[in-house]
Structure formats: C-alpha cells, structure tokens
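Chemist: The sequence and its predicted three-dimensional model are supplied below.
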Amino acid sequence: MNEMRVDWDDLHLFLAVAREGGLSPAAKVTQRSAATLGRRMLALERAMGRELFVRHERGYEMTSEARKLLEELTEIEARIVRLTARPDAQERPLVKVSAGTWTTLALLEKLDEITGQPADIRLRFISAETTLDMPRREVVIGFRNRRPTEESLAGRNLSRVEFAPYARAGAPERWIKVLADTPSARWLDKTIGNDAVCEVNAPRNSLDLALAGKGIALLPTFIGDGQKGLKRAGGTIPELAHDQWIVTHQDDRHLPEVRRTIDRLCHVLEKRHR
C-alpha cells in the first residue's frame, strides 16, 4: 500500500495559516490564493492522518495537534536559521517586549521556553502599565487589552484575562490598594476609596503584601491561582475581564526572530489556561 508523504512546502504554508489565523491573511503573506491554501491544508491533514484545523467562518482554529506541530516546526525553523546563519551574524538578535506587571511576571517565569534552549534570541523586557509606541519601534512586541486599530500593527488574540481578590488564611479583611493608572487600580479606588490596610504604587507590591498575609490583593487569576498559600477571597470581577492581544508592527512580524518569539509567547500564555 502506498503511503502518502508530507510535502515540505505544505508545512511552510501550514506555518503561515497557523500564524495568521486563516486563509485570507495567510494568502497575503504567501502570495498564494486562499483556495490554494485551503486545498494544501486539506492535503496536509490527509497525509498526516490528523485534523489540524477546525474551520469557522471567522477563520481557522488550530486543534491541539496543530498547536503541537506549530511548536515543533518553530523549533526546527530556529535550528535551520542557526545552521544557515553567516559566521559574522551569530549574535543573537534582540527582541524588545513590552507588557504590564502581571504578564511580565508570568513570562519571566518561563524565560527558557521563550528564548529557546540553547537561546537563539536576546530578550529585553520593558514592564510598563502604559502603551508604548510601536510605529516608532520603542518595542517590537507588545501586549494590549484590546485589538489594535492602527493599520501598521498586526495582532493575535490570546486568552481572556479575569481578576479576583486573593488573600492568605487569617489575613485582615481589608484591601491592599494600588495607586496606578490601570483599570484594576481605578476599580479599587472607586470601590473601596480610602478603606485600605495599605497603599502601594507598584502592582507587584500588592502581591508581596498578600503573600505576607497583610491583606487582600486584586490580582489576575493567572497570577493569583498559581501562588502557594493564596486563596480567592471572592468571585471574579466581571467589569475587569478583558481580552488580551499580542501586537507587533506589520513590517516586523515576518522577521524570523519575531515570529519565533511570538509563537513561544503565545504557547506559554495559552498553557496557563489549560
């Protein structure tokens, strides 16, 4: 019986469809028609004997098999880049990433997964609660709580973020207030006013105080649920729930080091919700 073989070009096209989230945006990147890409993805699924995409009107949603394939192909792509790099181009490329306090904390805990082993990129994290200017290249990759509206920017939607109160058992039933220009800090100010056990100007300090048993901190669930000794002191706050987007400039998103970094960042952040 003849075995169907995978076409290497189809794997290249798969990367484009997976990264762009559908046939139409991938067609612009690959210079192939959407119809051609659709046929090639179907041929790839048949050759591999597995379903890679759930097809919706809004785009192509990757299955768990597709996410695994994307991760493995990204690593192979990185190795090929290293093997074919010019001797005078061995320095790891710098990728600047901007994120808020909590996303930065989650990413730093998974640093090895993001840089690769051995590391093939050099990361510079810029932790900021404000949105930095991407068109002016203050950063290459940024995290935002809404879809980018600028035509020069491309975005990928990540998992939804929720907030809830957290405290240690026996901690004072009073809030730790954060003095910052963020939606969660503004919610706290509106909700509790001056009724706080302590005020801090750095969001991370609220986590430190909650871990020390000094009060209740308002934290994203992807941070609070993973802290040993902390438990939810109430339900999630519906008005603080929001989507999270990873954003980069249209001119940068196809650079090999940027593609690798985005894929790894998405993989790390998606795992926290599994």
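Modeler: Happy to help now that I have it. None of the values given here were measured: they were computed from a predicted structure. Numbering: from 1, shown residues only.

Chemist: before we move on, what SS does the nearest residue to L111 once chain neighbours are set aside have?
Modeler: Leaving out its chain neighbours, the residue that sits closest to L111 by CB to CB, 6 or more residues apart in numbering is L123, at 7.4 Å. In this view, the C-beta of every residue, glycine as well, is placed from N, C-alpha and C. Three-state call for L123 (DSSP: H, G, I helix; E, B strand; the rest coil): strand.

Chemist: ok, now which ones touch L123?
Modeler: For L123, the contacting residues are 94-97, 111, 114-115, 261, by CB atoms under 8 Å, 6 or more residues apart in numbering.

Chemist: so of those, which ones are in helices?
Modeler: Judged by DSSP state H, helices contain the following of the contacts of L123: 111, 114-115, 261.

Chemist: Show me which of those is closest to L209.
Modeler: Nearest to L209 among the ones in helices among the contacts of L123: L111, at 25.2 Å, using CB to CB.

Chemist: since we're on the closest one, how many residues are nearby?
Modeler: The burial count assigned to L111 is 12, neighbours taken as other CB atoms under 10 Å.

Chemist: what pLDDT does it get?
Modeler: On pLDDT, L111 comes in at 92.

Chemist: Please determine how far it is located from N145.
Modeler: Note on L111: its distance to N145, by CB to CB, to the nearest Å, is 23 Å.

Chemist: what do you get for T104?
Modeler: From T104 to N145 the distance is 14 Å (CB to CB).

Chemist: Check A35 too.
Modeler: For A35, the distance to N145 equals 36 Å [CB to CB].

Chemist: Equivalent analysis for T191, please.
Modeler: 19 Å.

Chemist: Then R58?
Modeler: 20 Å.

Chemist: In terms of packing, which of these two has more residues around it?
Modeler: N145 (14 against 8).

Chemist: Leaving out the residues flanking it, which one is nearest to that one?
Modeler: H242 (4.5 Å).

Chemist: where does that neighbour land on pLDDT?
Modeler: pLDDT, read off for H242, is 93.

Chemist: same check, this time on V54
Modeler: Looking at V54, its pLDDT reads 88.

Chemist: where does G229 land in three-state SS?
Modeler: From three-state DSSP, the assignment for G229 is coil.

Chemist: Who wins on neighbours among the contacts of L123?
Modeler: Counting by other CB under 10 Å, T261 has the largest number of neighbours within the contacts of L123, with 26 neighbours.

Chemist: Doesn't P165 lie inside a strand?
Modeler: Yes. Looking at P165 with three-state DSSP, it is inside a strand.

Chemist: Give the bridge partners for it, please.
Modeler: On the basis of DSSP bridges, P165 is bridged to L218.

Chemist: quick one: it and G215 touch, right?
Modeler: No. Applying CB atoms under 8 Å as the test, P165 and G215 come out as separate, 9.9 Å apart.

Chemist: between the two, what contacts are shared?
Modeler: Contacts common to P165 and G215, judged by CB under 8 Å, 6+ apart, are W175.
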